[in-house]
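> Here's a sequence, model it:
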Amino acid sequence: MQTVFSTVLPDVPAAAVIWLALLAVAATVVAALIVRPSRFRSELVDRISDAARPSSIEQAERARVQDRERDRYADEVAVAAARAAATAERSRSEWLTAQEEAEAAWQAYQAAEDDVRRLAAAAALPLPRTARTPAEYADRERWLHRAAMDAQWRNEITVRQLSDILGGNGWDPSRHPVEQELLLRRLVRDNLAARHRAAMQREQAAWQAAELAAAAAQSLRDEVFAALHPVVEPQAELSIVGFAGPDTTRELPTGTAAVDITRELTPVARGRAAVAA
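Prediction:
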């Protein structure tokens, strides 16, 4: 026992000093946490945030990958935008052509309408008397057939209408040439009016197609610009949730201040889904 005491007792003062030093350090840390907890908490949060953030090398590599993906996407959209622009230009050319055709059809219809008015005024006058002989009827028939073939050659009447005239289907070759010409010009006017309506419909359809193609090309151009010039959004700071400390819970003011804050809160409509009123 004397040997053991002689071995242990000389080390007791040194061990006591070490334990006292450790207790003093622990007491100092606890006192600092109690007196100024925000300083130590902010340092802890900063260290954890720095550890959670990716390194500069990782950020650079991620930025390069994102740049390559953005450039590739922008190239693909640029190709699509070029094709859409070509389509829009072709649609515009088709619309201009349809517009010219509609204008030409309108001019032809107006000319035919003027001819009908002129012949109607002439037919209102007394017709000259001619001998009702087979030769006169043959001349009238030859005139009608020749006038009908000329109209069909000018593409004013259809082949079927020409066949009806030549076959006497609904046409009387024995009538006076003035009356025959009036009927023929009315038929031509009706045909040109139908062609004008069809040309107007084609012009409207071509205009709508050109508008849609132009809108699609503009949308793709905007998408290319957005891909090449992305909007940089501010990154949210990393926060530590659930850190226990004296200042983590902030008390609401009491009295008048509490009433003012309650009045400023936005009311919420309650139902199947809570939506801000």
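> you'd agree Leu166 is in a helix?
Yes. According to DSSP: H, G, I helix; E, B strand; the rest coil, Leu166 belongs to a helix.
> pretty sure it contacts Ala148?
Yes. Taking C-beta atoms under 8 Å as the definition, Leu166 is a contact partner of Ala148 at 6.8 Å. In this view, the C-beta of every residue, glycine as well, is placed from N, C-alpha and C.
> who has more neighbours, the two?
Ala148 (22 against 16; other C-beta atoms under 10 Å).
> Tell me who's in contact with that one.
Residues in contact with Ala148 (C-beta atoms under 8 Å, 6 or more residues apart in numbering) are 157, 161-162, 165-166, 184.
> Just put those residues in JSON lines and tack on pLDDT and distance to Tyr137.
Shown next, in JSON lines, are the contacts of Ala148 (pLDDT from 0 to 100; distance: C-beta to C-beta, whole Å):
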{"residue": "Ile157", "pLDDT": "88", "distance to Tyr137": "23"}
{"residue": "Gln161", "pLDDT": "89", "distance to Tyr137": "22"}
{"residue": "Leu162", "pLDDT": "88", "distance to Tyr137": "20"}
{"residue": "Ile165", "pLDDT": "87", "distance to Tyr137": "16"}
{"residue": "Leu166", "pLDDT": "86", "distance to Tyr137": "16"}
{"residue": "Leu184", "pLDDT": "91", "distance to Tyr137": "18"}
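> farthest pair in these?
Leu166 and Leu184 (12.6 Å; C-beta to C-beta).
> circling back to that earlier point, between Leu166 and Ala148, what contacts are shared?
Counting by C-beta under 8 Å, 6+ apart, Leu166 and Ala148 have no shared contacts at all.
> which stretch of helix or strand covers the closest residue to Tyr109 other than its chain neighbours?
Once flanking residues are discounted, Tyr109 sits nearest to Leu192: 4.3 Å by C-beta to C-beta, 6 or more residues apart in numbering. Assigned by DSSP states H and E, Leu192 belongs to helix 177-228.
> What helices and strands are in contact with that helix?
helix 56-123, helix 134-153, helix 159-167 (3 or more C-beta pairs under 8 Å, 6 or more residues apart in numbering; DSSP states H and E).
> Between those helices, which one is closest to Leu220.
Per C-beta to C-beta, nearest to Leu220 of those: helix 56-123, 3.6 Å.
> just checking, what packs against that closest one?
Counting contacts by 3+ C-beta pairs under 8 Å, 6+ apart, helix 56-123 packs against helix 177-228.
> and the gap between Trp19 and Pro230?
Trp19 sits 61 Å away from Pro230, going by C-beta to C-beta, to the nearest Å.
> now do Thr158
Relative to Pro230, and taking C-beta to C-beta, Thr158 is found at 61 Å.
> Check Arg202 too.
43 Å.
> next one: Asp164
70 Å.
> These two - which one has more neighbours?
Asp164 (16 against 11).
> What residues does the closest residue in space to Asp115 that isn't next to it in sequence make contact with?
Take Asp115 and drop its neighbours on the chain: the residue closest to it by C-beta to C-beta, 6+ apart is Arg185, 4.9 Å away. Shown in contact with Arg185 (C-beta under 8 Å, 6+ apart): 112, 115-116, 119.
> could you redo the last one with a cut-off of 10 Å?
Arg185 makes contact with 112-120, 147, 151, 156 under the criterion C-beta atoms under 10 Å, 6 or more residues apart in numbering.
> What pLDDT is listed against it?
With respect to pLDDT, Arg185 scores 90.
> roughly how far apart are it and Ala199?
Separation of Arg185 from Ala199 (C-beta to C-beta): 20 Å.
> Next: Glu89.
Separation of Glu89 from Ala199 (C-beta to C-beta): 22 Å.
> So for those two, which sits in the more crowded spot?
The neighbour comparison of Glu89 against Ala199 (other C-beta under 10 Å) goes to Ala199, with 20 against 14.
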